[in-house]
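A.B. asks: predicted coordinates and the sequence they were generated for:
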Amino acid sequence: MADDAGKSICGVPERVQLHVAMLALQFGYAGFHVVSRAALNMGISKVVFPVYRNIIALILLVPFAYFLEKKDRPAMTLSFLVQFFLLALCGITANQGFYLLGLDNTSPTFASAIQNSVPAITFLMAVLLRIEKVRIDRKDGIAKVAGTLACVAGASVITLYKGPTIFSQSHALNQPSLRSPPAMLWLGDAEGKNWTLGCVYLIGHCLSWSGWLVLQAPVLKKYPARLSVTSYTCFFGVIQFLVIAAFIERDSEAWIFHSGTELFTILYAGFIASGVAFAVQIWCIDRGGPVFVAVYQPVQTLVVAIMASIALGEQFYLGGIIGAILIIAGLYLVLWGKSEERAFAAKEAAVMVSSTAENDGLRPTTPFKASSITQPLLPSLPSENV
């Protein structure tokens with residue numbers, strides 16, 4: 001950024017602040033994967049957990065949405081309520097429900113790895129809905145297609161091929177000198193789960209997440225108040241999970257915290273993963289651009305692998321490692337293709353403006369800005385280069 005010095009805090013340039021914030025964000029999300037798995041291992045209900053999580057997130061979001069977006073909120077109509085309900089069904093209920101079901105049958109590392117496919121799946125959905133265009137005759141189009149195929153291949157490998165164990169801390173834990181303390185036993189990775197079914201659930205989670213991102217675009221055009229949209233989405237998500245709980249979770253004991261550790265997992269999910277992380281991510285997207293934020297996603301997978309290995313004694317399988325590599329490579333291909341496409345569009349538009357000005361015998365009074373180009377998946381923001 002050109003004005004890093006002018007936006008420094010305590011002498012720290014904004015460029016450095018952004019990188020530190022993104023690293024902290026990835027650690028926060030990584031902790032959420034591990035904490036969520038710990039919650040499931042302790043027996044917390046898969047319905048109760050997201051209800052409490054979204055209630056906490058709603059409490060955090062509503063005051064900011066109410067006071068900061070007073071002038072931006074259009075009048076509420078039945079059409080908007082239906083759209084918010086559908087966003088919640090896709091982005092909260094299906095998204096979080098499939099995630100917990102998938103995590104319960106796999107591991108935090110592979111849940112995080114599969115999430116790297118979300119940008120590519122979102123791109124594929126946007127192409128099918130004709131929101132996004134692909135130019136196969138250009139390198140950016142080829143990169144986006146290749147990246148999408150790599151992500152699909154990676155997710156398929158993780159789902160269909162588990163493979164031999166590459167690393168397992170449990171072998172080391174069997175040695176008396178390296179045995180984990182009793183306090184950590186409740187964190188142990190669950191055994192006897194259906195790996196393939198878990199991966200299918202996680203793919204459903206990614207499809208729901210991507211669908212939520214695509215569906216938000218037309219809603220935000222009509223209702224340009226992001227915090228309010230998110231608040232309404234969380235509200236309807238809570239209502240939907242409560243309805244599901246009325247049929248599935250009949251045990252009143254499931255709604256009671258039996259230990260401080262259970263309470264901690266809920267508070268972490270609500271405050272850190274849904275509250276603080278949301279605020280940090282919005283600031284990073286605003287100052288650094290969506291591409292900058294997206295390229296940090298694979299860091300989360302690495303952090304999750306390390307944390308899960310230490311806390312959960314998690315095993316690493318060959319199929320998961322191969323799939324994760326394919327997904328991460330595909331993510332970077334898609335992001336590189338989007339970056340190249342934006343640069344090409346900016347250059348093409350600049351040439352067009354220059355040519356028009358020469359033909360009219362006029363000199364353009366304002367320079368062309370790349371941010372004026374609308375990108376459905378990479379919305380234009382003040383600062384793109386970090």
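C.D. replies: Perfect, I can see it now.

A.B. asks: give me the nearest residue to the residue nearest the centre of the chain, chain neighbours excluded.
C.D. replies: Geometric centre of the chain, nearest residue: Q115, 6.9 Å, by C-alpha atoms, centre = their mean. Nearest residue to Q115 in three dimensions, chain neighbours excluded: C206, at 6.4 Å (C-beta to C-beta, 6 or more residues apart in numbering). No exception for glycine: its C-beta is placed from N, CA and C like everyone else's.

A.B. asks: what pLDDT does the one you found get?
C.D. replies: On pLDDT, C206 comes in at 91.

A.B. asks: and G323, by the same measure?
C.D. replies: For G323, the pLDDT comes out at 80.

A.B. asks: pretty sure I166 sits in a strand.
C.D. replies: Yes. Counting by DSSP: H, G, I helix; E, B strand; the rest coil, I166 falls inside a strand.

A.B. asks: all helices for the stretch 101-250 of the chain, in order.
C.D. replies: 108-115, 118-128, 139-160, 169-173, 195-222, 226-248 (DSSP state H, counting those that start in this stretch).

A.B. asks: hey, least reliable of those by pLDDT?
C.D. replies: Among the helices of the stretch 101-250 of the chain, helix 169-173 scores lowest, with a mean of 46.

A.B. asks: follow-up on the earlier one: mind listing what the residue nearest to Q115 touches?
C.D. replies: By C-beta atoms under 8 Å, 6 or more residues apart in numbering, the contact set of C206 is I114, Q115, S117, V118, I121, A155.

A.B. asks: make JSON lines out of the residues you listed and add distance to Y296.
C.D. replies: Listed next are those as JSON lines, based on distance: C-beta to C-beta, whole Å:
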{"residue": "I114", "distance to Y296": "17"}
{"residue": "Q115", "distance to Y296": "13"}
{"residue": "S117", "distance to Y296": "16"}
{"residue": "V118", "distance to Y296": "13"}
{"residue": "I121", "distance to Y296": "18"}
{"residue": "A155", "distance to Y296": "20"}
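
A.B. asks: out of those residues, who has the most neighbours?
C.D. replies: If you count neighbours using other C-beta atoms under 10 Å, the busiest of these is S117, which has 32 neighbours.

A.B. asks: spatially nearest residue to that residue, not counting backbone neighbours?
C.D. replies: S117 sits nearest to C151 (C-beta to C-beta, 6+ apart), 4.0 Å away.

A.B. asks: can you pull the contacts of the one you found?
C.D. replies: N116, S117, A120, I121, L326, I327, G330, L331, V334.

A.B. asks: and it, how far is that from Q216?
C.D. replies: 21 Å (C-beta to C-beta, to the nearest Å).

A.B. asks: same check, this time on A349
C.D. replies: 26 Å.

A.B. asks: who has more neighbours out of these two?
C.D. replies: Q216 (19 against 15).

A.B. asks: list the residues that contact the nearest residue to the more buried one once chain neighbours are set aside.
C.D. replies: Using C-beta to C-beta, 6+ apart and skipping the chain neighbours, the partner closest in space to Q216 is L87 (6.7 Å). Residues counted as contacts of L87 (C-beta under 8 Å, 6+ apart) are W212, L215, Q216, V219, V229, Y232, T233, F236.

A.B. asks: tell me the pLDDT of L87.
C.D. replies: L87 is given a pLDDT of 92.

A.B. asks: secondary structure element for it, which one?
C.D. replies: Secondary structure assigned from DSSP states H and E places L87 in helix 78-88.

A.B. asks: what's the angle from that helix to helix 195-222?
C.D. replies: Counting by axes from the mean of the first three to the mean of the last three C-alpha atoms, to 10 degrees, helix 78-88 lies at 150 degrees to helix 195-222.

A.B. asks: buried residues, helix 78-88. List them.
C.D. replies: F80, Q83, F84, F85, L86, L87, A88 (16 or more other C-beta atoms under 10 Å).

A.B. asks: then stretch 339-355?
C.D. replies: For stretch 339-355, the neighbour count (16+ other C-beta under 10 Å) marks S339, E340, E341, R342, A345, A346 as buried.

A.B. asks: just curious, which of those residues is nearest to R73?
C.D. replies: Nearest to R73 among those is R342, at 30.2 Å by C-beta to C-beta.

A.B. asks: burial count for F236?
C.D. replies: F236: 21 neighbours (other C-beta under 10 Å).

A.B. asks: please read the previous query as pertaining to T233.
C.D. replies: Neighbours of T233 under the rule other C-beta under 10 Å: 27.

A.B. asks: same check on Y223?
C.D. replies: Other residues within reach of Y223, judged by other C-beta under 10 Å, total 22.

A.B. asks: angle of the helix ranked longest in the chain against helix 195-222?
C.D. replies: As assigned by DSSP state H, the longest helix anywhere in the chain is helix 318-360. Between helix 318-360 and helix 195-222, the angle comes out at 20 degrees (the same axes, to 10 degrees).

A.B. asks: quick one: list the elements packing against helix 318-360.
C.D. replies: With contacts defined as 3 or more C-beta pairs under 8 Å, 6 or more residues apart in numbering; DSSP states H and E, the packing partners of helix 318-360 are helix 108-115, helix 118-128, helix 139-160, strand 165-168, helix 290-294, helix 297-312.

A.B. asks: on that earlier part again, pick the most buried one from the helices of the stretch 101-250 of the chain.
C.D. replies: The highest mean neighbour count among the helices of the stretch 101-250 of the chain, using mean count of other C-beta atoms under 10 Å, belongs to helix 108-115: a mean of 28.

A.B. asks: where does the prediction get shaky in the stretch 251-386 of the chain?
C.D. replies: For the stretch 251-386 of the chain, the stretches with pLDDT under 70 are 289-292, 294-295, 311-316, 358-386.

A.B. asks: show me what contacts C90?
C.D. replies: Applying C-beta under 8 Å, 6+ apart, the residues near C90 are S208, G211, W212, L215.
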